[in-house]
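Chemist: when you get a sec, could you give me coordinates for this:
(2 chains)
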Amino acid sequence: MHLTGPLLLSAVLAGAGVYGVLARRNAVLVLIGVELILNAANLLLVAFDAAYRDALHSGQVLTLFVVTVAAAEVGVALAVVLLLFRRRGDVDLRGARDLAEARDVVPTSEPVP
Amino acid sequence: MTARDVLFALVGVLAAASGILAVTSRQVVHAALWLVTALGAVAGCYLVLGAEVVALVQVLVYVGAVVVLVLFALMLTRAPIGRAPDVDAPWPQRLAAAVAGAATAGLLAVVLVEAVGGRLVQVDPERSRAQPLARSLFGSWVLPFELLSLLLLAALVAALVLSRDGFGSGEEDD
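Modeler: Residues are numbered from 1 along each chain as shown, chains lettered A, B, ... in the order given. Now for the predicted structure:
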């Protein structure tokens, strides 16, 4: 089979993930974009592993590692999102500007307690 | 065009379409469910490429665990059912995000296809079996594999600490 298909699909998934990370306000939906980017990278790894037949199976093994790291990342991210929700009452990323530079602060409807 | 090309085109179109729907749907639960479809279709792509163990791990960990975590997060943050007006940024930011996403996809596609696009993949059934992969994983790659268990433990402890009552309110240093 041709290698072009996996390459194009990986590019589309990465582009969709970048759009999701940048365009969403809900913190959980940003995580969905991150998952799509990670899957695009995984698909490239598996495709190159199949194309070049590495003796150490690097592509497949690294994909397994990325999947594991993604699971850990989602666990910690879920805890952070829930903490944000407990403290602010919503998960709107436009309002969570505690760490922003002063000149970037936009007036929000409610002050951070 | 071989049978694998046709199969890959089918699951690939499914993965791309559901991935785009997952980031554009205005109903938050639908977005999470489209993510299930996209990840399942990517697992199908792994099967077509001859990586059966990776496809099974993708289904087990991603579709089984990660998506359940995302759905839990949506429910615990009281995500609205139905169309929500405030899941997306205002339109100028959405436009900029669409430009950035399209630029990323275009750049990746052009560079990758120019570099290695003409190559043919011969899927070797011998490589698809679990045994050679397991020999590599528990032979050459055993040290990073063990390090990953430490990473998972650290992530578990971090999630527990973050979820504790009163974290960050100044009362936890007792």
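Chemist: what are the boundaries of the helices in chain A?
Modeler: In chain A, the helices defined using DSSP state H lie at A:4-23, A:27-52, A:58-88.
Chemist: what packs against the second one?
Modeler: So the one you mean is helix A:27-52. helix A:4-23, helix A:58-88, helix B:3-24, helix B:28-48, helix B:67-76, helix B:91-116 (3 or more C-beta pairs under 8 Å, 6 or more residues apart in numbering or on different chains; DSSP states H and E). Glycine gets a C-beta too; all of them are placed from N, C-alpha and C.
Chemist: buried residues, it. List them.
Modeler: If you call a residue buried by 16 or more other C-beta atoms under 10 Å in any protein chain shown, then helix A:27-52 has these buried ones: A:27-51.
Chemist: before we move on, back to that, mind checking which of the helices and strands packed on helix A:27-52 is nearest residue B:139?
Modeler: Among these, the nearest to residue B:139 by C-beta to C-beta is helix A:58-88 (10.2 Å).
Chemist: now that closest one against helix B:67-76, angle please.
Modeler: Interaxial angle of helix A:58-88 relative to helix B:67-76 (axes from the mean of the first three to the mean of the last three C-alpha atoms, to 10 degrees): 10 degrees.
Chemist: what's near enough to touch the closest residue to chain B within chain A?
Modeler: Residue of chain A nearest chain B, by C-beta to the nearest C-beta: residue A:15 (2.7 Å). Taking C-beta atoms under 8 Å, 6 or more residues apart in numbering or on different chains, we find residue A:15 in contact with B:101-106, B:108.
Chemist: quick check: it vs residue B:105, distance?
Modeler: 3 Å (C-beta to C-beta, to the nearest Å).
Chemist: could you report the neighbour count for the nearest residue to residue B:119 once chain neighbours are set aside?
Modeler: Distances taken as C-beta to C-beta, 6 or more residues apart in numbering or on different chains place residue A:3 nearest to residue B:119, at 4.5 Å, with adjacent residues excluded. Neighbour count for residue A:3, taken as other C-beta atoms under 10 Å in any protein chain shown: 21.
Chemist: for residue B:54, same thing?
Modeler: 27.
Chemist: and the pLDDT at the closest residue to chain A within chain B?
Modeler: Closest approach of chain B to chain A (C-beta to the nearest C-beta) occurs at residue B:105, with a separation of 2.7 Å. Looking at residue B:105, its pLDDT stands at 96.
Chemist: show me the residues around it that make contact.
Modeler: So residue B:105 contacts A:11-12, A:14-16, A:18 (C-beta under 8 Å, 6+ apart).
Chemist: could you redo the last one with a cut-off of 10 Å?
Modeler: A:8, A:10-19, A:40, B:16 (C-beta atoms under 10 Å, 6 or more residues apart in numbering or on different chains).
Chemist: using JSON lines, lay out those residues together with distance to residue A:97 and pLDDT.
Modeler: JSON lines is the format used below for these (distance: C-beta to C-beta, whole Å; pLDDT from 0 to 100):
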{"residue": "A:8", "distance to residue A:97": "38", "pLDDT": "95"}
{"residue": "A:10", "distance to residue A:97": "34", "pLDDT": "96"}
{"residue": "A:11", "distance to residue A:97": "33", "pLDDT": "96"}
{"residue": "A:12", "distance to residue A:97": "32", "pLDDT": "96"}
{"residue": "A:13", "distance to residue A:97": "30", "pLDDT": "96"}
{"residue": "A:14", "distance to residue A:97": "28", "pLDDT": "96"}
{"residue": "A:15", "distance to residue A:97": "27", "pLDDT": "96"}
{"residue": "A:16", "distance to residue A:97": "26", "pLDDT": "96"}
{"residue": "A:17", "distance to residue A:97": "24", "pLDDT": "96"}
{"residue": "A:18", "distance to residue A:97": "22", "pLDDT": "96"}
{"residue": "A:19", "distance to residue A:97": "22", "pLDDT": "96"}
{"residue": "A:40", "distance to residue A:97": "29", "pLDDT": "96"}
{"residue": "B:16", "distance to residue A:97": "34", "pLDDT": "96"}
